[in-house]
Each structure stands twice: as structure tokens, then as C-alpha cells.
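In: based on what follows, work out the 3D shape:
(one chain, ligands or ions: 1)
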Amino acid sequence: MIDVFGLVKKYSKREVLSNVSLGVRKGEFVSLIGPNGAGKTTLIRSILTLIKPDKGEVRIMGKDPFKDKSIFKNLGYVQELPNLPPFMTGREVLMLSAKLKGAKKDDVDELLDIVGMAEFADRQIAKYSKGMTQRIAIAEALLGNPEVMILDEPNIGIDPIFSVKVREMFNKLKKNGSSILMTSHELEDVKKLSDRVYMIYKGKIVFEGSVEQLVREFLGINVIIETNEVEKVLNLVSSLEYVKRVYRENSRVVVSLSEDKREELLKSLIQSNISVKGFYLDLNLEEAYARAINSVGNNAL
Ligand SMILES: Nc1ncnc2c1ncn2[C@@H]1O[C@H](COP(=O)(O)OP(=O)(O)OP(=O)(O)O)[C@@H](O)[C@H]1O
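Out: Below is the predicted model:
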């Protein structure tokens, strides 16, 4: 639904996007992560034709957005720090957008309710807080259930309770078959929402895969065992040849494996009659992200 081939963007002589290719399939949620200045917004704005790339091609729903603007009727976009008209009210912004997208007044009312802005709908944007403006921007992007949604740091300024709601909304959109591309520094959202992740560093894609693959590649396979019998677990696992490292965290034992022997490990625990309350892969995306950036930074690009 979104395809980018060999995108290059230069500012003066500096290349800020270097041969970037990326794809988002139907019903897929893809996140674009990377440090400040890596090129995420430049890439998003190039996809949306707000920036003209020097080389490369973009397709949205199979069409070239630089030539066919009709696709934008079916596309929702939350831009980084939304710049909504300050003298319009939230409702007016949504009504205007509904007209352009062919959505109904009822859809506007429903969305105002969903984003918790019904009460403030007739207040001017200039009088909104940052988070309130962001809520209207998200509602605006969701209008008309777009087939493609592009989100550039949608969670800036949003409180934790609404963050959970936003995740639910994006998940619902995805279940209905929409394709979503998001940039975010909120790794918890990235972890909970993404089917696939692209990591961009200094204008180059340096990783593509699932969150689990990213964690495995940069942190290895770490299993968390929750148990009341920590000592027994420590004794058992430290004798297993595929266990690289083991440490205790209160009533949890964290075990690093040299290869994917999770099934064997679980069997050994059960055979030793150890009561296991929890057994799962540690998906510490923050740490994997830091290591990945460190590793690409060291292998000078
Ligand atoms: N109009 C411009 N003129 C010159 N350089 C620019 C311009 N816009 C962006 N850049 C540069 O392009 C690079 C990529 O910027 P971009 O905004 O895409 O990064 P980002 O990954 O979105 O960062 P952040 O996480 O901070 O939002 C940066 O080095 C930035 O300084």
C-alpha cells in the first residue's frame, strides 16, 4: 500500500536520505525508528509529496502521489507538531476535513467523542493545550477510515490514558485492513503496535524486521522466568550448556541463551518439578535500540 524505492534527498550537498526503500503492506503496521535527525520526517514528507526527493519513486495504493492526488482522499496524516488553523474550532477543522474526505457530520461527532474532545469541540484551536490539539489532529486523520495512515510522532503531548486509547484506535484501523506507517520515539508504542520496524540512521535503513528480530539481533535471546523457587531455577539453569548468562531480579530469573533453546529450557524446568509462574521472551526494545544505534554508529556508515 506504501512503497518507496531508492529515495535520495540532498540538502545542498548533504545527503539526508540515501537510497531508502521501504514498504507497508495491506493491514500492516510499520514503524520507522531512529535518532533525532536520522531522516524520518524527511522520508514521511517525501512520501506525502511535501518534499521533492532528488531520486527514487513513491507509490501509495499503487499510484504515484506526485502525479495522482486522488489518493490523498483516502489517506490520513498526523504531522509532527500539528499546525492547525488557530482561529478555527476543533469541530470546524473536522467538518472542513469531513467535507474534503466525503465523511459525514455524524462521523465528526463520533470522533470528537472517541478522542474525548466533545466538550471542547467549539473552543478555538488557539485556546487548546498541546495534547488537545494533538487529539483533534488524530481525529482529523481518522476521519473517513482511511486505507493508508501516516503518523509522524503522533503521541507528542498526549497523556498516558489517551495513549492507550490511541493504540486501540490504530489497532482497530489496522484490523479493518488499513496500512499504517508511524515514526515514533515512544518505543512502548512501537513494541505494542508494530508488525515490522525499519530503523533509519543518518539517512540509511540499517535494520528491517519485527521487534522480536531486532531484540534478538542486538540483545540475543533472553528469557524471563517468574517463579517462587528462584534458587532452584538458578541452580538448574547455570548447569545448562546453552545458557550464557543468568541473573536474578526479585522473583524473576533472566536467562541469556546462546541459541534458541527455549523449549528445552522449559522442559528442564518442568522435569525438575519447578513451579513456573511465567516464562517469556524479554523484549527490551529500549536496550536493543541503544545497542543497534551504538553498533551502526561504530561501523561508520
Ligand atoms: N529544510 C532543511 N534544510 C536543510 N537540512 C534539513 C532540512 N530539513 C531537515 N534537514 C536535515 O535533514 C536531516 C534529517 O532531518 P529529519 O527532520 O528528517 O530527521 P528526523 O529523523 O525526523 O528527526 P527527529 O527525530 O528529530 O524528528 C537532519 O540532519 C536535518 O538537519
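In: okay, how far is it across stretch 68-84, tip to tip?
Out: 25 Å (C-alpha to C-alpha, to the nearest Å).
In: contact partners of that stretch?
Out: With contacts defined as C-beta atoms under 8 Å, 6 or more residues apart in numbering, stretch 68-84 is touched by 41, 48, 60-61, 63, 65, 93, 100-102, 125, 133-134, 136-138, 140-144, 146-154, 156, 183. In this view, the C-beta of every residue, glycine as well, is placed from N, C-alpha and C.
In: and what of stretch 187-196?
Out: With C-beta under 8 Å, 6+ apart as the test, stretch 187-196 has contacts from 28-31, 33, 155, 163, 167, 170-171, 180, 182, 184, 197, 208-211, 283, 285-286, 289.
In: where do the helices sit along the protein?
Out: Ranges of helices in the chain, per DSSP state H, are 40-47, 90-101, 105-114, 130-142, 160-175, 187-193, 211-219, 230-237, 262-271, 285-298.
In: want to throw those helices into TSV with mean pLDDT, distance to residue 72 and mean neighbour count?
Out: Shown next, in TSV, are the helices of the chain (pLDDT from 0 to 100; distance: least, C-beta to C-beta, whole Å; neighbours: other C-beta atoms under 10 Å):
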stretch	mean pLDDT	distance to residue 72	mean neighbour count
helix 40-47	95	11	23
helix 90-101	92	9	18
helix 105-114	91	18	17
helix 130-142	92	12	23
helix 160-175	89	17	15
helix 187-193	92	23	19
helix 211-219	89	30	19
helix 230-237	91	55	17
helix 262-271	91	46	14
helix 285-298	85	32	17
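In: for those, which one sits closest to the ligand?
Out: helix 40-47 (3.3 Å; C-beta to the nearest ligand atom).
In: before we move on, the earlier item: the contacts of stretch 68-84: which ones sit near the ligand?
Out: residue 41 (C-beta under 6 Å from any ligand atom).
In: could you dump the helices of the chain into JSON lines with distance to residue 10 added?
Out: Below are those laid out as JSON lines (distance: least, C-beta to C-beta, whole Å):
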{"stretch": "helix 40-47", "distance to residue 10": "10"}
{"stretch": "helix 90-101", "distance to residue 10": "33"}
{"stretch": "helix 105-114", "distance to residue 10": "39"}
{"stretch": "helix 130-142", "distance to residue 10": "30"}
{"stretch": "helix 160-175", "distance to residue 10": "33"}
{"stretch": "helix 187-193", "distance to residue 10": "28"}
{"stretch": "helix 211-219", "distance to residue 10": "29"}
{"stretch": "helix 230-237", "distance to residue 10": "52"}
{"stretch": "helix 262-271", "distance to residue 10": "46"}
{"stretch": "helix 285-298", "distance to residue 10": "21"}
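In: out of those, nearest to residue 203?
Out: Nearest of those to residue 203, taken as C-beta to C-beta: helix 40-47 at 8.0 Å.
In: gap between the closest one and the chain center?
Out: Distance, stretch centre to chain centre, for helix 40-47: 15 Å (C-alpha atoms, centre = their mean, to the nearest Å).
In: then stretch 66-84?
Out: That offset, for stretch 66-84, works out to 18 Å (C-alpha atoms, centre = their mean).
In: what about that stretch, how long is it end to end?
Out: Distance across stretch 66-84, first residue to last, is 24 Å (C-alpha to C-alpha).
In: report pLDDT for the nearest residue to residue 89 once chain neighbours are set aside.
Out: Using C-beta to C-beta, 6 or more residues apart in numbering and skipping residues adjacent in sequence, the residue nearest residue 89 is residue 122, 5.0 Å away. For residue 122, the model assigns a pLDDT of 95.
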